[in-house]
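A.B. asks: kindly return the folded structure for what I paste below:
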Amino acid sequence: MDDAGASLPAQMGAMGREARKAAVVLRLSDAATRTKALQAMAAALRVEADAILAANARDVADAQAAGLAPAMVDRLLLDPARVEAMAKGVETVAAIRDPLGAEIDRWDRPNGLDIARVRTPIGVIAIIYESRPNVTADAAALCLRAGNAVILRGGSECLASNLAIHAAVAKGLAQAGLPEACVQMVRTADRAAVGLILGGLEGAVDLIIPRGGKSLVARVQAEARAPVLGHLEGINHVFLHASADLEKAIAITVNAKLRRVSVCGAAETLLVDSADAQRLLPPVARALADAGCELRGDARARSLVPGMAEATEADWSTEYLAPIISVAVVDGVDGAAAHIAAHGSAHTDAIVAEDGAAAERFAALVDSAIVLINASTQFADGGEFGFGAEIGIATDRLHARGPVGAEQLTTYKYVVRGTGQTRP
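C.D. replies: Numbering: from 1, shown residues only. Down below sits the predicted model:
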């Protein structure tokens with residue numbers, strides 16, 4: 001696979017062919033073997049922690065020297081706690097129920113046919129991602145749990161980190177007796193590799209998953225010759241209904257915006273119900289400002305919070321990934337839902353409300369992958385959903401939505417058992 005003498009198209013074509021062979025091995029493997037590999041991967045991540053951190057330090061230094069934005073550097077940065085979190089995430093994936101072979105449904109027909117719908121791997125998945133080296137471990141673990149071979153192409157800004165993490169993954173596969181081609185890493189920063197993956201690697205790739213900025217996702221969706229599972233930016237909203245408890249409103253809004261501004265689950269817009277904005281907005285705005293957040297509001301918001309900067313039309317559709325939040329006063333649940341439909345990315349949106357009927361109407365009206373009631377948008381995370389890890393938050397409507405874990409990386413087939421029936 002890593003034949004330095006071969007051309008890039010030849011190398012990538014070989015990766016596709018090896019992945020296809022590995023996918024057959026994985027599909028026929030048992031759950032215990034895949035669990036053993038995952039446990040060995042987690043152990044190897046801990047053993048190789050120093051090497052991973054050293055590689056990451058080189059990546060971070062290069063990124064800072066290149067002037068990468070602080071939020072992007074934060075996404076790139078690893079420390080001992082984050083490496084340990086990667087290992088624990090792999091262990092959690094190892095412990096979740098294996099999805100393969102599970103019967104989704106089963107029924108009998110009047111003619112005696114026994115029909116079962118059964119979970120099965122997708123096959124070969126290619127994942128193209130930026131900045132976050134932990135995706136290497138997460139993606140490897142989830143694809144392995146779901147019985148898929150995977151080809152990983154990380155961003156050039158974290159190539160050294162990704163290769164170090166992949167080395168630990170390969171050790172885990174070897175210890176379980178699985179082919180190292182089950183998880184392959186593109187070892188070059190050459191952008192031509194992305195184009196070759198989008199071309200499908202001679203038909204080897206069954207699904208492409210992009211995880212990164214808007215330009216990456218747009219390119220993948222425009223050029224891919226294989227199906228794409230989309231992950232768009234997180235233009236997420238917190239809506240404070242007139243019935244909101246003020247303490248909850250403050251705590252949820254501050255956490256949703258500022259816990260980590262660089263994650264896709266961070267809130268980017270605060271919506272406040274006009275029916276009680278005078279009670280809610282000033283103290284929430286003050287709490288945000290005291291925590292170091294810049295606020296940009298519409299006319300109604302600025303009339304209630306003197307000194308707030310004026311929001312432009314672009315602010316409503318901007319993923320800041322920074323301590324900045326846009327603020328709009330809207331008319332009830334319907335006004336909030338209309339604003340989200342016009343400017344959101346169908347990622348994650350939350351309502352703070354004591355009125356249960358209003359909260360349920362919001363959940364019904366807002367067609368986002370994740371809708372929260374009285375909870376922070378920062379819970380938009382596969383680990384928080386109990387998936388162990390995630391590939392990303394899918395914002396398309398097919399074939400998965402929300403956090404993409406192991407189960408979401410399977411498809412199904414029908415197994416029909418008969419006793420000699422023929423169709424008249």
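
A.B. asks: how distant is the longest helix along the chain from the center of its chain?
C.D. replies: Scanning the chain for the helix with the most residues, using DSSP state H, yields helix 8-28. Computed by CA atoms, centre = their mean, to the nearest Å, the chain-centroid distance of helix 8-28 equals 24 Å.

A.B. asks: quick one: mean pLDDT for the next helix or strand after it?
C.D. replies: Downstream of helix 8-28, the next assigned helix or strand under DSSP states H and E is helix 31-47. Throughout helix 31-47, pLDDT has a mean value of 98.

A.B. asks: tell me how far helix 31-47 is from the chain's mean position?
C.D. replies: That offset, for helix 31-47, works out to 22 Å (CA atoms, centre = their mean).

A.B. asks: just the buried residues of the next helix or strand after that helix, please?
C.D. replies: Using DSSP H and E, the helix or strand that follows helix 31-47 in sequence is helix 49-65. By neighbour count with 16 or more other CB atoms under 10 Å, helix 49-65 contains the buried residues 49, 52, 53, 55, 56, 59, 60, 62, 63. Every C-beta, even on glycine, is put in place using the N, C-alpha and C of the backbone.

A.B. asks: run a quick neighbour tally on residue 300.
C.D. replies: Neighbours of residue 300 under the rule other CB atoms under 10 Å: 16.

A.B. asks: tell me if I'm right that it and residue 329 touch.
C.D. replies: Yes - with contacts defined as CB atoms under 8 Å, residue 300 counts as touching residue 329 at a distance of 3.7 Å.

A.B. asks: what do those two both touch?
C.D. replies: Residues touching both residue 300 and residue 329 (CB atoms under 8 Å, 6 or more residues apart in numbering) are 274, 277.

A.B. asks: the strands in the stretch 251-400 of the chain, which residues?
C.D. replies: Secondary structure of the stretch 251-400 of the chain (DSSP state E, counting those that start in this stretch): strands located at 267-273, 294-297, 309-310, 324-330, 348-352, 370-373, 393-394.

A.B. asks: can you check what angle separates the fifth one from strand 267-273?
C.D. replies: Relative orientation of strand 348-352 and strand 267-273, computed by axes from the mean of the first three to the mean of the last three CA atoms, to 10 degrees: 30 degrees.

A.B. asks: thinking again about what came up before, how about the buried residues of helix 49-65 in JSON lines, adding distance to residue 334?
C.D. replies: Below are these laid out as JSON lines (distance: CB to CB, whole Å):
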{"residue": "49", "distance to residue 334": "51"}
{"residue": "52", "distance to residue 334": "49"}
{"residue": "53", "distance to residue 334": "50"}
{"residue": "55", "distance to residue 334": "51"}
{"residue": "56", "distance to residue 334": "47"}
{"residue": "59", "distance to residue 334": "47"}
{"residue": "60", "distance to residue 334": "46"}
{"residue": "62", "distance to residue 334": "49"}
{"residue": "63", "distance to residue 334": "44"}
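
A.B. asks: need the three-state assignment for residue 152.
C.D. replies: Under DSSP: H, G, I helix; E, B strand; the rest coil, residue 152 falls in the strand class.

A.B. asks: same question but for residue 242, I mixed them up
C.D. replies: Taking three-state DSSP, the label given to residue 242 is coil.

A.B. asks: ok, now residue 209?
C.D. replies: With three-state DSSP as the criterion, residue 209 reads strand.

A.B. asks: which residues are in contact with it?
C.D. replies: Residue 209 neighbours (CB under 8 Å, 6+ apart): 125, 126, 127, 128, 228, 229, 231, 391, 392, 404.

A.B. asks: go with 6 Å
C.D. replies: 127, 229, 391 (CB atoms under 6 Å, 6 or more residues apart in numbering).

A.B. asks: which one of those has the most neighbours?
C.D. replies: residue 391 (27 neighbours).

A.B. asks: thought that one was touching residue 406?
C.D. replies: No - applying CB atoms under 6 Å as the test, residue 391 and residue 406 come out as separate, 9.6 Å apart.

A.B. asks: ok so, going back, pLDDT added to the contacts of residue 209, as a markdown table?
C.D. replies: Compiled in a markdown table, these are given as follows (pLDDT from 0 to 100):
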| residue | pLDDT |
| --- | --- |
| 127 | 96 |
| 229 | 91 |
| 391 | 86 |
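
A.B. asks: so residue 178 sits against residue 38, correct?
C.D. replies: No - the criterion here is CB under 6 Å, and residue 178 misses it with residue 38 at 10.5 Å.

A.B. asks: what are the buried residues along stretch 364-375?
C.D. replies: Those would be 366, 368, 369, 370, 371, 372, for stretch 364-375 by 16+ other CB under 10 Å.

A.B. asks: what's the domain layout of this structure?
C.D. replies: 8-230+396-417, 236-379 (automatic domain parsing).

A.B. asks: relative to residue 385, which of those domains is closest?
C.D. replies: Of all the domains of the chain, domain 8-230+396-417 sits nearest to residue 385, with 5.0 Å by CB to CB.

A.B. asks: neighbours of residue 215, just the number please.
C.D. replies: 9.

A.B. asks: ok, it - contacts?
C.D. replies: Counting by CB under 6 Å, 6+ apart, residue 215 has no contacts.
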